[in-house]
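S.K.: quick one: sequence plus predicted model below, questions after.
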Amino acid sequence: MLELRNASLSYGDRSLWSGLDLEIQPGEFFAVLGPNGSGKTSFLKVLLGLQHLNTGSLKIAGKPARRGNRAIGYVPQQKGFDPQTPLRARDLVGLGVDGNRWGIRVRSAAYRQRVDDLLAQVGATDYANVPVGLLSGGEQQRLRIAQALATSPELLLCDEPLLSLDLQHQKAVSSLVAEQAHQRGTAVVFVTHEINPIIDHVDRVLYLAGGQFRVGSVDEVMTSEVLSELYGTAVDVFRSNGRIVVVGQPDATTHHHHTEEVSG
Ligand SMILES: Nc1ncnc2c1ncn2[C@@H]1O[C@H](COP(=O)(O)OP(=O)(O)OP(=O)(O)O)[C@@H](O)[C@H]1O
């Protein structure tokens, strides 16, 4: 589905990663973790064809990366909608639906059916006609996912989709994305600061830090040894009730964005 070979990316003399070889399979839930500034968003930009690699190659569904690739669905990092936003939930989802493919000449029956199906797929049918600005952060995030799924992408990219969500909504959105991967066969690349909300779902992680990276299962990557090596300083990883607690990262990143976001 996705194939990176000997990939490196740097800005000026700052290297974000180099020598990255990676294949992501259909149906895989793949997370990208790392502190602020480690290159998580840049990684998504590469996949979206918005950022060129300095070395190496990338293929998505067998073809070189390019902008506007319809095989990719993208859930951007976003704040909440303004309460005045004059869009209903179904209008937002409808923006993702490809008019040509569904023979829209606006508001055709096929278009309405497609929007209804997408709303049902993310469990948003009950608030289909509510203005998006009045919905909770978690409800808005479901709609963004529905919008990203509108073209039935083979690859779904999510940039910090859990930011500003409470625990219950984090779980619901994580499960929804996991279902898309594991039941529907979409490859998912999921950028997050926090492993715990997705720990039960994620297949593998890419951890970026200090210009280095590590790829593997949660058990392989989230260890004191690996993180200490990546950060270049002693980092302790503890397990508690199925959760992971990381202590001693030089850059305490986890809550950086939360104060800036509109809460759900
Ligand atoms: N176009 C660019 N030109 C130069 N430097 C850039 C560019 N884009 C990003 N950077 C730098 O590269 C680093 C990685 O940025 P990126 O946004 O990918 O990190 P991130 O892991 O997504 O961070 P965060 O968790 O804060 O969102 C940052 O130091 C950033 O300032």
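M.R.: Yes, it's here.
S.K.: all strands for the stretch 151-264 of the chain, in order.
M.R.: Assigned by DSSP state E, counting those that start in this stretch, the stretch 151-264 of the chain shows strands spanning 155-159, 187-191, 204-209, 212-216, 236-240, 243-247.
S.K.: the fourth one vs the ligand: in contact?
M.R.: Just to be clear, that refers to strand 212-216. No - taking C-beta under 6 Å from any ligand atom as the criterion, strand 212-216 and the ligand are apart, separated by no less than 11.6 Å. C-beta coordinates here come from the backbone N, C-alpha and C atoms, glycine included.
S.K.: list the buried residues in that strand.
M.R.: Buried residues in strand 212-216, counting neighbours by 16 or more other C-beta atoms under 10 Å, are found at 212, 213, 214, 215.
S.K.: low-confidence stretches in this protein?
M.R.: Along the chain, the model assigns pLDDT under 70 to residues 98-107, 251-264.
S.K.: residue numbers of it in contact with the ligand?
M.R.: 11, 16, 34, 36, 37, 38, 39, 40, 41, 42.
S.K.: go again using 5 Å as the cut-off
M.R.: 11, 36, 37, 38, 39, 40, 41, 42 (C-beta under 5 Å from any ligand atom).
S.K.: so which residue is dead centre in this protein?
M.R.: By C-alpha atoms, centre = their mean, the chain has its centre lying nearest to residue 158, at 1.8 Å.
S.K.: who are the packing partners of the helix or strand where residue 44 lies?
M.R.: In this assignment (DSSP states H and E), residue 44 forms part of helix 40-47. Packing contacts for helix 40-47, counted by 3 or more C-beta pairs under 8 Å, 6 or more residues apart in numbering; DSSP states H and E, involve strand 2-11, strand 29-33, strand 55-60, strand 155-159, strand 187-191, strand 204-209.
S.K.: what does stretch 134-144 contact?
M.R.: The contact list for stretch 134-144, computed with C-beta atoms under 8 Å, 6 or more residues apart in numbering, reads 75-76, 78, 80-81, 83, 89, 92-93, 122-124, 127, 132, 161-162, 164-166, 168-170, 172-173, 176, 261-264.
S.K.: residues in contact with residue 241?
M.R.: So residue 241 contacts nothing (C-beta under 8 Å, 6+ apart).
S.K.: what about the helices in the stretch 51-200 of the chain?
M.R.: Remark: helices assigned in the stretch 51-200 of the chain by DSSP state H, counting those that start in this stretch are 89-96, 109-121, 137-148, 167-182.
S.K.: now mean neighbour count too, for those helices, in CSV please.
M.R.: Below are the helices of the stretch 51-200 of the chain laid out as CSV (neighbours: other C-beta atoms under 10 Å):
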stretch, mean neighbour count
helix 89-96, 21
helix 109-121, 17
helix 137-148, 24
helix 167-182, 19
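S.K.: how close does the residue nearest to residue 233 when sequence neighbours are not counted get to residue 235?
M.R.: Closest residue in space to residue 233, ignoring its immediate chain neighbours: residue 250 at 5.7 Å, by C-beta to C-beta, 6 or more residues apart in numbering. Separation of residue 250 from residue 235 (C-beta to C-beta, to the nearest Å): 8 Å.
S.K.: for residue 180, same thing?
M.R.: 32 Å.
S.K.: next one: residue 109
M.R.: 56 Å.
S.K.: same question for residue 38.
M.R.: 14 Å.
S.K.: so between the two, which is more surrounded?
M.R.: residue 38 (23 against 20; other C-beta atoms under 10 Å).
S.K.: and what about the more buried one, helix, strand or coil?
M.R.: Secondary structure, DSSP: H, G, I helix; E, B strand; the rest coil: residue 38 is coil.
S.K.: pretty sure it is touching residue 212, no?
M.R.: No - using C-beta atoms under 8 Å as the test, residue 38 is too far from residue 212 to be in contact (9.4 Å).
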